[in-house]
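Enquirer: Sequence and predicted model, in that order:
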Amino acid sequence: MRMPSFLTKDFILLSASSFFFFSSFNMLIPELPGYLASMGGEKYIGLIIALFTLTAGLSRPFSGKLADTIGRIPVMLIGVAVCLAMCTLYPLVTTVFAFLLLRFFHGFSTGFTPTGTSAYIADIVPFNRRGEALGLHSLFASLGMAAGPALGGWIAAHFGLNTLFISAAAVSGLSAILLVRLTETLPNPQKMKLSFLKLKKDEIIERRVLNPSLVLMLAVFSFGTVLTIIPEFSAHLGMRNKGLFFAVFTLSSLAIRLLAGRVSDRYGRIPVLQVASATMVLAMFLVSIATAVPQLLLGAVFFGFAVGMSSPTVAAWTIDLSDENKRGRALATMYIALEAGIGLGALISGWLYQGNPERFPLVFMVSGSTALLAFIYLFTIPKHQRLKTLLRR
């Protein structure tokens, strides 16, 4: 079988780096609600993800501009460095305020690294293979998201939380080591200047990619809910390893990501996203009615299918619509929507839940309704944006 033309050394190194990056901060997710509760901050559970995504979203316009000026690799390294630094600080946290402050700053990591990563892939991949390439790359990121929670839960159970935090920092370091071996793809990158941190109004949002960004925001609301509530719901149903749901949904997404990318390259981004959003509605319904672990894990499988179809497809659609000279800004806009959706999902689900197990079904049904809105909105997209790649084929 002929290897894809985009499967170069740099693509492989970048994919491996993403595996370690996503493993690092996802190792912490299952244990953070309990860690916060041990400090007396159970009522702030929704802020664990919301604060993280808030700073990620706030930093996106800066990371997008910097990716288009100083280069893709420096932007990725900034995010990894922040992740490493924050992981080493968690063992020193003893108060709710300090914990939440740390979560706030930790969000800068995902505000930078994925923006540079997506721009880098767009630079090195042929136009008609974007969906496939982003799908393949996302396999590595998803493996990290699957391995992270499961490994983190095991480390915490056998060696304690401090060892978990240090291990997460070490994994971030592995990501950085791989990044420094890449070749920069931005033509004529400039040296960093403080003036680059000054943003004009038209440098914050790229209007050309508002449609995929809105669809993404509605779709990932459920992701924020899952990150915030599933650890508690898993414990409520008697699941020992609170990272098992994350492992199952991420592994199920692996089975469909590459296929979804190829299908979107051939038949268009919107049809794939319509199927993905409908699948997300089904997943949230199944989780909402779950009364035992097997039912919950069935919902995790469909949740993984939905995420696996939508993630690379939205990214490819965003790149299709973007100006080549403003690719970083376009991807930053997409990621702002991503963080907004996840953050709202985390915040609203935490507010609805408030430690009351009777509210679990309500929380997941609300999340399913936002995916339904995404499904409906996709049918209103103008005809010229429904074409596979805006007639560029």
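Expert: Done, it's in.

Enquirer: For the closest residue to Gly40 other than its chain neighbours, give me its contacts.
Expert: Take Gly40 and drop its neighbours on the chain: the residue closest to it by C-beta to C-beta, 6 or more residues apart in numbering is Val96, 6.3 Å away. (C-beta placed from N, C-alpha, C; glycine too.) When contacts are counted by C-beta atoms under 8 Å, 6 or more residues apart in numbering, Val96 is found next to Leu36, Met39, Gly40, Gly41, Tyr44.

Enquirer: Look up phi and psi at the first one.
Expert: What it means is Leu36. Comment: the main-chain dihedrals of Leu36 come out as phi -70, psi -40, following degrees, to the nearest 10.

Enquirer: I'd guessed it sits against Phe99; true?
Expert: Yes - the criterion here is C-beta atoms under 8 Å, and Leu36 meets it with Phe99 at 5.9 Å.

Enquirer: Specify the next element, helix or strand, located C-terminal of the helix or strand hosting Phe223.
Expert: Using DSSP states H and E, Phe223 falls within helix 210-236. Secondary structure here is assigned by DSSP H and E; on that basis, the next helix or strand after helix 210-236 toward the C-terminus is helix 244-267.

Enquirer: and that next one, average pLDDT?
Expert: Mean pLDDT, helix 244-267: 83.

Enquirer: Then stretch 324-335?
Expert: The average of the pLDDT scores along stretch 324-335 is 83.

Enquirer: re the thing from before, relative to helix 244-267, how tilted is the helix holding Phe223?
Expert: For helix 210-236 against helix 244-267, the angle between stretch directions is 160 degrees (axes from the mean of the first three to the mean of the last three C-alpha atoms, to 10 degrees).

Enquirer: tell me which residues of helix 210-236 are tucked away?
Expert: For helix 210-236, the neighbour count (16 or more other C-beta atoms under 10 Å) marks 211-234 as buried.

Enquirer: what packs against that helix?
Expert: Here helix 210-236 is seen to pack against helix 32-38, helix 47-67, helix 244-267, helix 269-288, helix 293-321, helix 327-353, helix 360-378 when contacts are counted using 3 or more C-beta pairs under 8 Å, 6 or more residues apart in numbering; DSSP states H and E.

Enquirer: Between helix 327-353 and the longest one, find me the angle.
Expert: Just to be clear, that refers to helix 293-321. Going by the same axes, to 10 degrees, helix 293-321 makes 150 degrees with helix 327-353.

Enquirer: how near is Val363 to Gly46?
Expert: For Val363, the distance to Gly46 equals 11 Å [C-beta to C-beta, to the nearest Å].

Enquirer: Need the residues touching each of the two.
Expert: Shared contacts of Val363 and Gly46, defined by C-beta under 8 Å, 6+ apart, are found at Ser349, Tyr353.

Enquirer: Backbone dihedrals for the residue nearest to Gly40, please?
Expert: phi -60, psi -40.

Enquirer: Spit out the contact partners of the residue positioned nearest the centre of the chain.
Expert: Among the residues of the chain, the one closest to the centroid is Leu338, at 7.3 Å (C-alpha atoms, centre = their mean). By C-beta under 8 Å, 6+ apart, Leu338 lies in contact with Gly57, Leu216, Met217, Val220.

Enquirer: What of Met76?
Expert: Met76 sits next to Ser17, Phe112, Thr113, Gly116, Thr117, Tyr120, Leu179 when contact means C-beta under 8 Å, 6+ apart.

Enquirer: how much space is there between the residue lying closest to the third one once chain neighbours are set aside and Pro382?
Expert: Counting by C-beta to C-beta, 6+ apart, the nearest residue to Thr113 once its immediate chain neighbours are dropped is Gly79, at 3.1 Å. When distances are taken as C-beta to C-beta, Gly79 and Pro382 turn out to be 34 Å apart.

Enquirer: Looking only at neighbour counts, state which of those two leads.
Expert: Neighbours were tallied for Gly79 and for Pro382 using other C-beta atoms under 10 Å; the higher tally belongs to Gly79 (27 against 7).

Enquirer: Figure out the helix or strand that the more buried one lives in.
Expert: When the helices and strands are read off by DSSP H and E, the one containing Gly79 is helix 72-89.

Enquirer: Pull the distance from that helix to the chain's centre.
Expert: Its chain's C-alpha centre lies 16 Å from the corresponding centre of helix 72-89 when counted by C-alpha atoms, centre = their mean, to the nearest Å.

Enquirer: May I have that helix exported as PDB, CA atoms only?
Expert: Output of helix 72-89 as PDB, limited to C-alpha atoms (Å, rounded to 0.1, in the frame of the first residue of the first chain):
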ATOM      1  CA  ARG A  72       4.800  27.900  14.100                       C
ATOM      2  CA  ILE A  73       7.500  26.200  16.200                       C
ATOM      3  CA  PRO A  74       8.100  29.000  18.700                       C
ATOM      4  CA  VAL A  75       4.300  29.200  19.400                       C
ATOM      5  CA  MET A  76       4.100  25.400  20.000                       C
ATOM      6  CA  LEU A  77       7.100  25.600  22.300                       C
ATOM      7  CA  ILE A  78       5.600  28.400  24.400                       C
ATOM      8  CA  GLY A  79       2.500  26.200  25.100                       C
ATOM      9  CA  VAL A  80       4.500  23.200  26.000                       C
ATOM     10  CA  ALA A  81       6.800  25.200  28.300                       C
ATOM     11  CA  VAL A  82       3.700  26.600  30.200                       C
ATOM     12  CA  CYS A  83       2.300  23.100  30.500                       C
ATOM     13  CA  LEU A  84       5.500  21.800  32.000                       C
ATOM     14  CA  ALA A  85       5.800  24.700  34.400                       C
ATOM     15  CA  MET A  86       2.200  24.500  35.700                       C
ATOM     16  CA  CYS A  87       2.400  20.700  36.300                       C
ATOM     17  CA  THR A  88       5.400  21.200  38.500                       C
ATOM     18  CA  LEU A  89       3.500  23.800  40.600                       C
END
